[in-house]
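K.L.:
Let's see this in three dimensions:
(chains A, B, C and D)
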Protein chains: 2
Amino acid sequence: MSTGEDKDDVRGRLVEAAIRLLADNGPEALQARKVAAEIGASTMAVYTHFGGMGELIDAVGREGFRRLSASLDAVPSSDDTVADLFTMALAYRRTALENPHLYAVTFGLSAPGGRRVTLSDITDPHGKTGEGLTAFGFLLDATTRAIDAGRFRPADPLVAAAQLWSAVHGYVTLEISGHFGETGVELILRPLNATIALGLGDTIEKTTRSLQRSTHTWQQAGGNIHPRSGD
Amino acid sequence: MSTGEDKDDVRGRLVEAAIRLLADNGPEALQARKVAAEIGASTMAVYTHFGGMGELIDAVGREGFRRLSASLDAVPSSDDTVADLFTMALAYRRTALENPHLYAVTFGLSAPGGRRVTLSDITDPHGKTGEGLTAFGFLLDATTRAIDAGRFRPADPLVAAAQLWSAVHGYVTLEISGHFGETGVELILRPLNATIALGLGDTIEKTTRSLQRSTHTWQQAGGNIHPRSGD
DNA sequence: ACTCATTTATAACAGGGTTATGAGAGACTG
DNA sequence: CAGTCTCTCATAACCCTGTTATAAATGAGT
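P.N.:
All right, here's what the predicted structure looks like:
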């Protein structure tokens, strides 16, 4: 209570407003005057609660990561570890496409001021500082289980997880850029998932069944596994 | 000659200057005044030869794509189609990391004004309009050859190429963002290449040999296969 | 030589981030 | 309870950057 966390929570409201504006009006809406006006305050609010637009954008990026983490966390662990990975890819992709501009900011590739969220701690399992690790951690856990279950060849789970991360992240950014059209998930992402599972040592039969199970799980959850629905 | 292509070529010099500034000083150097001053002109040059900063940035992005295409084109086709694909990934990655900011602009993820180079024609083999297609075309050719040679399972080469593109693009953006540290290529990219080749139907033995051949080819060329050395 | 189109330099305008300043609201202190 | 201190915030200005208006300059064509 006395930590000054909530109070009027102008800080949190600013981040929320920024994300909303980002979703509705794109990156050019990420302006001090507009964000401040969105919560009925003056631009000074940005400078008293953040150092400036840069730090606000950083906070937006961290919130984006938090949502990706929550999205992956919401995927339940089953006996079929590979199906879990497939479902995580779908959840990750869906969260990213719910607010593509937020995703761009999260990965520091679109910040108007050239700001960039540092995520170097992601690949360092010991420096568990930011929200980044939690997202990657869920992926790492799943790949570790897949290896332990004998689905994937014995290997460094970190390397396997990094490959999966690269592939899904790459697919998502390309889909956001407009490639792959409407049928990208069926045409590219699912085959990509299968390709990587096979390449990491799974058999065609098991991969095929995991693909079906993942589809079933996904549709069962209304294709909407992650918790916060936004709007 | 009479097309008005060369003349003083202010247009080309502006793009060159923008790319140079981008490499040296990052995205915030991509400003009308700075770019114009770099070639000793006033800001009006940007507006007479382009519509504004947006179109200049578009041109910069297209030049970035042209360099990626040239990089892939410089990889010679050998009997070992999978090794060719591995080498293309290394060439692509190297070109991207030569000017990471240019790569970001090329994929429309970093343009200060929120500009975005449209690349939808990349995945459409019939709408061969922009420079995008040529880059993807080289990749598509190589995957087609790999399928024809029996290294990959019979499949739509477009789907296979899109998967490879996703994976390498994702890896590159993550490496540029600072993950994977210094050893990313050995630790992540090569295993990722191998994983995808295996997943697309290649055998472990052949993939391993292609990996070695690619390494040999790459080092043979001084790890510098692409032509334009820049500086 | 004259005219017209194109290009360019100068200067101003518009919209952003940022900062200076003073007023207001609570909390602590005597 | 008065005073003071701190934190927050609204207003207004400042600086930088994209853009535009305007006129000079250059060169081609007649």
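K.L.:
so where's chain A uncertain?
P.N.:
A:1-7, A:109-133, A:224-231 (pLDDT under 70).
K.L.:
Could you say which helix or strand holds the residue nearest to the spatial centre of chain A?
P.N.:
Nearest to the geometric centre of chain A sits residue A:68, at 2.9 Å (CA atoms, centre = their mean). Assigned by DSSP states H and E, residue A:68 belongs to helix A:53-73.
K.L.:
quick one: is the very next helix or strand once past that helix near chain B?
P.N.:
Following helix A:53-73 in sequence order, the next helix or strand is helix A:81-98 (DSSP H and E). No - Helix A:81-98 lies out of reach of chain B by CB under 8 Å from any CB of the partner chain, never closer than 11.3 Å. Placement of C-beta: from N, CA and C, glycine included.
K.L.:
Export the very next helix or strand once past helix A:81-98 to CSV, keeping only CA atoms.
P.N.:
Next in sequence after helix A:81-98, counting helices and strands by DSSP H and E, comes helix A:100-106. C-alpha atoms of helix A:100-106 as CSV (Å, rounded to 0.1, in the frame of the first residue of the first chain):
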residue,chain,number,x,y,z
PRO,A,100,1.1,-5.8,-34.5
HIS,A,101,2.4,-2.3,-33.6
LEU,A,102,2.9,-3.3,-30.0
TYR,A,103,4.8,-6.4,-31.2
ALA,A,104,7.1,-4.1,-33.3
VAL,A,105,7.7,-1.9,-30.3
THR,A,106,8.3,-4.9,-28.1
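K.L.:
Now do the same contact list for the residue of chain A found nearest chain B.
P.N.:
Per CB to the nearest CB, residue A:170 is where chain A lies closest to chain B, at 2.2 Å. Neighbouring residues of residue A:170 by CB atoms under 8 Å, 6 or more residues apart in numbering or on different chains: B:165, B:166, B:167, B:168, B:169, B:170, B:171, B:173.
K.L.:
that older thread, nearest residue to the residue nearest to the centre of chain A in space, please, no chain neighbours.
P.N.:
residue A:135 (4.9 Å; CB to CB, 6 or more residues apart in numbering or on different chains).
K.L.:
which residues touch that neighbour?
P.N.:
Contacts of residue A:135 by CB under 8 Å, 6+ apart are A:65, A:68, A:69, A:72, A:122.
K.L.:
helices or strands up against the helix holding residue A:68?
P.N.:
helix A:10-25, helix A:32-38, helix A:81-98, helix A:100-106, helix A:131-148 (3 or more CB pairs under 8 Å, 6 or more residues apart in numbering or on different chains; DSSP states H and E).
K.L.:
and the second one, what other elements does it pack with?
P.N.:
Other helices and strands packing on helix A:32-38, by 3+ CB pairs under 8 Å, 6+ apart, are helix A:10-25, helix A:44-49, helix A:53-73.
K.L.:
is it possible to export those to CSV including distance to residue B:180?
P.N.:
Supplementary listing: the helices and strands packed on helix A:32-38 in CSV, determined by distance: least, CB to CB, whole Å:
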stretch, distance to residue B:180
helix A:10-25, 28
helix A:44-49, 34
helix A:53-73, 18
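K.L.:
circling back to that earlier point, so which of the contacts of residue A:135 is surrounded by the most neighbours?
P.N.:
Greatest neighbour count in the contacts of residue A:135, by other CB atoms under 10 Å in any protein chain shown, goes to residue A:122: 28 neighbours.
K.L.:
Select from the contacts of residue A:170 every entry located in helices.
P.N.:
Members of those lying in helices (criterion: DSSP state H): B:165, B:166, B:167, B:168, B:169, B:170, B:171, B:173.
K.L.:
check contacts around the third one.
P.N.:
When contacts are counted by CB under 8 Å, 6+ apart, residue B:167 is found next to A:163, A:166, A:167, A:170, A:192, A:196, B:192, B:196.
K.L.:
ok, now the first one?
P.N.:
The contact partners of residue B:165, taken as CB under 8 Å, 6+ apart, are A:170, A:174, B:136, B:139.
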